[in-house]
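*Asks:* test case, fold it:
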Amino acid sequence: MSAASHSRGTAPGGPPSADPSSSVPRPSGLVLSPFRALRFDPATAGDLAALTSPPYDVLSDDEVLALEARSEHNVVRLILPRDDAAGAQDRYARAAATLQSWRAAGVLRPDDIPALYVYEQAAADGHVQRGLLGALGLTPAEDEIVLPHENTMAGPVSDRLALYTAVEADLEPIFLVYDGGGAASAAVASVSDDSPDGPRLLVDAELGDGLRHRLWAITDPQVLAAVAADLHPRKALIADGHHRYATYLQRQQQRWAAGDGSGPWDAGLCLLVDATAFGPQVHPIHRVVPGQPVARLAEQAARGAAVRRLDLSLDGALAELGAAGTRGPAFLLSDGAATELHLVSEPDPAQLAAAVPPGRSPAWAALDVSVLHAFLVAELWGLPDDVEHVGYEHDVAGALAAAGRTDGTAVLLNPTPVEAVAGVAGSGERMPRKSTLFTPKPRTGVVIRDHHDG
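*Replies:* Model (predicted):
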């Protein structure tokens, strides 16, 4: 089991109606507001590296146990809480009680004044991602301000809604990217740890993921005003956190339907990153077809695409995949040992056009993942397009290992460019599930947005 199942099921009662109230506020543009971050106090809580976590939806059960063992105050106890052993509390109430007790004990403390926070994640290879942490004004997809590119499922949204309602806080940021270059980007680029007159450095630590994490608070009213004016006419793409954003929207609708009016539920915690400067790295999410030998899938693919067996090392074959990807959709089929490798490219235009579902845009039809699922999987391989027949792995090694375990085939992909993701989202469509992996993801526990702090 890959996902801490004790805390990712559907919450009792399910999500509320998604019908929006006409009175729910809808910002006219992209709004990112300052907030008072709730942060771990190392003097009381201990080493920050023992307190933070990857996002809730990438953790296995074993990883949850390991994080719990690292510290009694690790944030995983909030994002993936367990039911009380004595049966006195369900997991959501237990998370709320944990958050309150940590605040009371000084484990978590709110900052004194609201701020936008510059958050940096620096890798040993030199890649640096920087963005702004703030309270994002909520807008539905039809407003075309915050653009989703994936569909959501009711179960995870119901679970997060029950949790976030119980704790009255945003425990993890969603991750947005946008095309910047204005005052907001300049503010992000200007911070440093050696400027006495600039934003204050709050965090500088390695947090167990091999990255150096730094956090600065921007509180200067003039800078904040310039950032707000710069962001307002822009659009942003959800890189990660679709279920959390759907949770934000449903929570807002729930509070307005209850007559609570305006409040902190009209915004949600997010990290906003300029993709043109300090942007994320984009990685493919590979596929695994269990029980299907690579030779069989290669033979079937040849009925509608060019297939070439490669007498190369895995690295050489991946280089060929990358080169073929500059000319159009391309895929590398491999057995678990990477001893049999086939490059699939140049899909037959007429067959491909017939396989694309009606009403899809050219941007959607041109995606490698769309070609894979609509054409190769459904048409040429004749397989049901579900997780039992086509699985997902985040790296090459994992895909090969899964193919080896299941006597199947690893289908290795090129990364989807951010521009292509934005093109699909901008047309109001959703990409096939598990299309793109943006990294690094924000580390959970660096900041929390507690609704009691404003």
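*Asks:* which stretches of the stretch 51-200 of the chain have low pLDDT?
*Replies:* Within the stretch 51-200 of the chain, the segments meeting pLDDT under 70 span 85-87, 194-196.
*Asks:* how about the strands in it?
*Replies:* 108-110, 116-122, 128-137, 146-147, 169-170, 174-178, 200-206 (DSSP state E, counting those that start in this stretch).
*Asks:* give the partner strands of the fifth one in its sheet and their orientations.
*Replies:* Neighbouring strands of strand 169-170 in its sheet, by DSSP bridges, are strand 449-450 (antiparallel).
*Asks:* returning to that earlier point: the strands of the stretch 51-200 of the chain: which one's closest to Arg308?
*Replies:* Across those, Arg308 has its closest neighbour in strand 174-178 (35.0 Å, CB to CB). C-beta here means a position set from N, CA and C on the backbone, and glycine is covered the same way.
*Asks:* can you give me how far the closest one is from the chain middle?
*Replies:* Its chain's C-alpha centre and that of strand 174-178 lie 9 Å apart, by CA atoms, centre = their mean, to the nearest Å.
*Asks:* what do you get for stretch 113-128?
*Replies:* With CA atoms, centre = their mean, you get 17 Å for stretch 113-128.
*Asks:* before we move on, back to that, of the strands of the stretch 51-200 of the chain, which is nearest Ala257?
*Replies:* Of all the strands of the stretch 51-200 of the chain, strand 128-137 sits nearest to Ala257, with 19.0 Å by CB to CB.
*Asks:* using PDB, write out every CA atom in that closest one.
*Replies:* Extracted C-alpha coordinates of strand 128-137, given in PDB (Å, rounded to 0.1, in the frame of the first residue of the first chain):
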ATOM      1  CA  VAL A 128      17.400  27.200  -6.900                       C
ATOM      2  CA  GLN A 129      13.600  27.600  -6.600                       C
ATOM      3  CA  ARG A 130      12.200  30.700  -5.000                       C
ATOM      4  CA  GLY A 131       8.700  31.900  -4.600                       C
ATOM      5  CA  LEU A 132       6.200  33.800  -2.500                       C
ATOM      6  CA  LEU A 133       4.200  32.200   0.300                       C
ATOM      7  CA  GLY A 134       0.900  34.000   0.900                       C
ATOM      8  CA  ALA A 135      -2.800  33.700   1.300                       C
ATOM      9  CA  LEU A 136      -4.300  33.200  -2.200                       C
ATOM     10  CA  GLY A 137      -7.700  34.800  -3.000                       C
END
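*Asks:* correct me, but Gly33 touches Gly137?
*Replies:* That one is not Gly; residue 33 is Ser. Yes: with contact defined as CB atoms under 8 Å, Ser33 reaches Gly137; the gap is 7.0 Å.
*Asks:* got any residues that touch both of the two?
*Replies:* Ala267 (CB atoms under 8 Å, 6 or more residues apart in numbering).
*Asks:* neighbour count winner among those two?
*Replies:* Using other CB atoms under 10 Å, the more surrounded residue of Ser33 and Gly137 is Gly137, with 21 against 15.
*Asks:* for the closest residue to the more buried one other than its chain neighbours, give its distance to Asp47.
*Replies:* Spatial nearest neighbour of Gly137, excluding adjacent residues (CB to CB, 6 or more residues apart in numbering): Val31 at 3.3 Å. With distances taken as CB to CB, to the nearest Å, Val31 is found 35 Å from Asp47.
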